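Trainee: Turn this into a model:
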Amino acid sequence: MITAAATDPVRKLALADALAWEAARLTDIAVGRRDAAALLWSCEPALVAPSKMAKLPGFARACAQAADAGWPVHLRATGGDLVPQGPDIVNLTLLFRGPQGAASTLESAYKRLTAPIREALSQAGISSCHGSVAGAFCDGRFNITVMGRKFAGTAQRWRPMAGEMAVQTHAMMLIRTPDENTITTLNRFYLDCRIKRVIHASAHVGLHDLVQLDDKEAIQHRFLRMIADRAHLWSAPRLS
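Mentor: Predicted coordinates:
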């Protein structure tokens with residue numbers, strides 16, 4: 001059994017610290033202090049909303065209701081939609097320089113982000129693809145799906161720099177399928193914001209529901225270790 005914290009490929013962070021790390025590394029790349037960075041991380045239970053949602057009627061009430069239920073709300077600069085965070089979710093953040101003005105770069109950035117995750121799934125005997133899933137939170141065509149259910153969601157942000165772009169990409173992977181409390185919290189938030197959207201637990205699937213063996217923790221560790229190793233191959237220098 002793997003128990004030593006030193007062997008854990010996932011960094012446990014406060015959500016505010018993880019978001020600050022992403023912002024700082026994006027700035028580093030934009031001003032030329034580094035070429036790339038990567039982080040595999042998880043955090044405490046919380047909701048993360050794109051900053052555009054703060055303008056919605058009912059947003060303050062939604063945040064208060066969520067916080068009272070144990071889900072404090074944080075804003076992020078990337079696009080997308082409302083998502084949960086917590087110990088049953090692992091995030092992969094990749095940041096790098098990208099070419100400016102090419103129409104295909106958004107798709108290329110998503111494929112670069114999802115490649116190590118899909119490779120690790122394949123090594124675990126799990127077939128995956130890209131695609132949207134009706135009823136999933138933060139749905140998008142570059143979800144990673146397994147058997148028609150959402151396993152990971154993705155988002156990205158681009159920032160201009162001299163002749164290039166600094167690119168931040170982010171994937172959130174479900175280690176366990178979201179429970180009804182999580183789904184109820186998301187749907188209540190939408191209701192308070194007067195958004196007509198309903199999220200369904202059945203639209204999602206976690207890693208632990210995709211493996212049949214008894215030693216799921218060891219499979220999870222190997223899966224995440226492979227992602228960390230692949231993500232850091234091109235990220236130099238190593239994380240500070």
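Trainee: shouldn't Asp88 be in contact with Ile175?
Mentor: Yes - applying C-beta atoms under 8 Å, one finds Asp88 in contact with Ile175, separated by 5.0 Å. (C-beta placed from N, C-alpha, C; glycine too.)
Trainee: which residues are in contact with stretch 25-43?
Mentor: Applying C-beta atoms under 8 Å, 6 or more residues apart in numbering, the external contacts of stretch 25-43 come out as 9-15, 18, 21-22, 85-87, 89-97, 157, 159-162, 166-168, 224, 227-228, 231-232, 234-237, 239.
Trainee: Check which residues of the longest strand seen in the chain are buried.
Mentor: Using DSSP state E to define each element, the chain has its longest strand at strand 149-161. By 16 or more other C-beta atoms under 10 Å, the buried positions in strand 149-161 come out as 149-158, 161.
Trainee: so which helix or strand takes in Ser108?
Mentor: In this structure, Ser108 sits in helix 105-123 according to DSSP states H and E.
Trainee: That helix - contacts with which helices or strands?
Mentor: Counting contacts by 3 or more C-beta pairs under 8 Å, 6 or more residues apart in numbering; DSSP states H and E, helix 105-123 packs against strand 89-99, strand 144-146, strand 149-161, strand 164-174, helix 216-233.
Trainee: The nearest residue to Cys129 once chain neighbours are set aside: neighbouring residues, count only.
Mentor: In space, and not counting its chain neighbours, Cys129 is closest to Thr145: 5.8 Å by C-beta to C-beta, 6 or more residues apart in numbering. Residues contacting Thr145 under the criterion other C-beta atoms under 10 Å number 21.
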